[in-house]
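Enquirer: sequence below, structure please.
(one chain, ligands or ions: 1)
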Amino acid sequence: MKDNQVNIGILGLGTVGTGVARILLEQKELLRTRSGLTFNLTAISELDWNRDRGLDLTGVHCTTQADEVLNDPNIDIVVETIGGYEPAYTFISRALQNKKHVVTANKALIATRGRELFKLAEENGVDLLFEASVGGGIPIIKGLREGLVANRINSIYGILNGTSNFILSRMHQDELEFDQALKEAQAKGFAEADPTLDISGGDAAHKLTILATLASSAFVDYHQLSVEGITNITKLDITFAKSFGYTIKLLAIYRALENGLDLRVHPTLVPNSHLLAAVNNELNAVFVNGDFVGNTMFYGPGAGERPTASAIVSDIVDLSRNLDQHLTNRAVHLDRAAATVPLTEITNRFYLRFFTLDAPGILSKISGILGEHNISIASMVQLETHEQDHYVPIVLLTHEASEQAMAEALDKIGKLDFVRDNYLRLRLF
Ligand SMILES: NC(=O)c1ccc[n+]([C@@H]2O[C@H](COP(=O)([O-])OP(=O)(O)OC[C@H]3O[C@@H](n4cnc5c(N)ncnc54)[C@H](OP(=O)(O)O)[C@@H]3O)[C@@H](O)[C@H]2O)c1
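Expert: Modelled structure (predicted):
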């Protein structure tokens, strides 16, 4: 950086990259007033220059060759908004090796290959920042790293995937089936043509990996998480959850237990009285408990051009403030691996839904198996309505029980010949 001028190169002018360019061009004066620095959008590498993005790029070097950004000695900060694993990984590595700071929104890459990239950043004395990778426009990374730095983080409960939250919200609001709600999400641009990563819980797991690494100050591997998506939830489950006073949400859960971290992503029955139950549609929220602060909640838009770009530019300004002082923003601790507690050692309250033949003695058989595994029933509903094939739904809420015991009991119940094998087990908040 020379004369308080910070030169920025963008890789990938898609949804997020366009937003970053727009802020750098439209908010230049505001950013100068607030930071005392001038941010220059110097170069952009993008494959498709035919799309009209409504940007005036006069004076910006526009290329299809990433190397022209990565090797430009005048560029201080590279913004990676291509997404995916390759060539994003190679480009970020090259930028760091060329002693350029990097800002990215790429949660998949940070969650799976972050350790190598942070190491490379450290070796080269530069920063790799990633505010936009979790919660879009919500400043949750800075919230954990700065605002809550004095706290041990006891727990985090996050609604981190806008697509899943939109689908579940629509299922609750209009009693839609999963497929109908997914189609609506796609029509409104809240779900990709291939929504697998979102509805399988994978995207929320990437984000939880990042939050868990920051919250625990130890490196969390993506594969340490237990992950379940929302595809098995039906309109019927939503109706039952409502009747018990709950809303089903896909939660990303972090709990610091005595013997390690409990890290899970799964659909959860959240009591309607909890703030998280009111987080609807595509919005995200992160509910954090710190040992000194107590409960806090971060809430807002988790995606989209403008919110995500807002987060990226906050990283650009943040690290630029350090540039002339030769400080780095060491975000992540690479030297310690986090210990996790296996799911089988966790206890939860459960929601169980079975379809069984409507015959005498069935309930006592199911409750008998649960009882053999020390699982006690808190409440139960059996619907009178028959499906065409004579199976009726039964729903049980249990008291606290071990995951291991529940898995064993469900294995036995699922094998009973009067129980259909499409049973569902959800956890309660
Ligand atoms: N969209 C969101 O709301 C959001 C929110 C949070 C985080 N993110 C993250 O932000 C990143 C970008 O997402 P996005 O939605 O902006 O994606 P996007 O709209 O698909 O944009 C990616 C852009 O990169 C371009 N590109 C592909 N390969 C390239 C290469 N080799 N060199 C230069 N440009 C290349 C693409 O061009 P073509 O179209 O021609 O291939 C496209 O314009 C992802 O990591 C995503 O997870 C997105």
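
Enquirer: show residues contacting stretch 142-157.
Expert: For stretch 142-157, the surrounding residues in contact (Cβ atoms under 8 Å, 6 or more residues apart in numbering) are 131, 208, 211-212, 214-216, 251-256, 276, 286-293, 296, 298, 314, 318, 331, 429. Heads up, the C-betas are built off the backbone N, CA and C, glycines and all.

Enquirer: so which bits of the protein are right by the ligand?
Expert: 11-17, 45-48, 66, 81-83, 87, 105-107, 132, 136, 303-304, 308 (Cβ under 6 Å from any ligand atom).

Enquirer: just these: which are in helices?
Expert: Cross-referencing the residues of the chain next to the ligand against helices under DSSP state H gives Thr15, Val16, Gly17, Ala66, Lys107, Thr308.

Enquirer: would you list those residues in TSV and tack on neighbour count and pLDDT?
Expert: Output for these, formatted as TSV (neighbours: other Cβ atoms under 10 Å; pLDDT from 0 to 100):
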residue	neighbour count	pLDDT
Thr15	18	96
Val16	29	97
Gly17	26	98
Ala66	24	98
Lys107	24	97
Thr308	25	97
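
Enquirer: from those, which single one is nearest Asn4?
Expert: Gly17 (24.6 Å; Cβ to Cβ).

Enquirer: report how many residues lie close to Val20.
Expert: 28 (other Cβ atoms under 10 Å).

Enquirer: in three-state terms, label it for me.
Expert: Three-state assignment for Val20 (DSSP: H, G, I helix; E, B strand; the rest coil): helix.

Enquirer: hang on, it packs against Ala311?
Expert: No - using Cβ atoms under 8 Å as the test, Val20 is too far from Ala311 to be in contact (9.7 Å).

Enquirer: before we move on, back to that, between the ones in helices among the residues of the chain next to the ligand, which sits nearest Asp421?
Expert: Nearest to Asp421 among those, with distances taken as Cβ to Cβ, is Lys107, at 34.3 Å.

Enquirer: the closest one contacts Gly202, doesn't it?
Expert: No - under the contact definition of Cβ under 8 Å, Lys107 does not touch Gly202, with a separation of 10.2 Å.

Enquirer: what do those two both touch?
Expert: Common contacts of Lys107 and Gly202 (Cβ under 8 Å, 6+ apart): none found.

Enquirer: hmm, back to that, can you flag the buried ones in the residues of the chain next to the ligand?
Expert: Neighbour counting with 16 or more other Cβ atoms under 10 Å marks 11-17, 45-46, 66, 81-83, 105-107, 132, 136, 303-304, 308 as buried within the residues of the chain next to the ligand.

Enquirer: re the thing from before, among the contacts of stretch 142-157, name the ones in strands.
Expert: 251-256, 286-290, 296, 298 (DSSP state E).

Enquirer: got a markdown table for those residues, with pLDDT and neighbour count too?
Expert: Output for the ones in strands among the contacts of stretch 142-157, formatted as a markdown table (pLDDT from 0 to 100; neighbours: other Cβ atoms under 10 Å):
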| residue | pLDDT | neighbour count |
| --- | --- | --- |
| Leu251 | 98 | 24 |
| Ala252 | 98 | 29 |
| Ile253 | 98 | 23 |
| Tyr254 | 98 | 26 |
| Arg255 | 98 | 18 |
| Ala256 | 98 | 19 |
| Val286 | 98 | 27 |
| Phe287 | 98 | 20 |
| Val288 | 98 | 25 |
| Asn289 | 98 | 19 |
| Gly290 | 98 | 20 |
| Thr296 | 98 | 14 |
| Phe298 | 98 | 20 |
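
Enquirer: which single one of those residues is nearest to Leu396?
Expert: Leu251 (20.6 Å).

Enquirer: list the beta-bridge partners for the closest one.
Expert: His266 (DSSP bridges).

Enquirer: contacting residues for the residue in the chain that the ligand sits nearest to?
Expert: Closest residue of the chain to the ligand, Cβ to the nearest ligand atom: Gly14 (1.7 Å). Neighbouring residues of Gly14 by Cβ under 8 Å, 6+ apart: Glu46, Thr81, Ile82, Gly83.

Enquirer: domains for this protein, by residue range?
Expert: 5-133+305-323, 140-301, 345-428 (automatic domain parsing).

Enquirer: how long is the last one from one end to the other?
Expert: Same thing as domain 345-428. End-to-end span of domain 345-428 (Cα to Cα, to the nearest Å): 16 Å.
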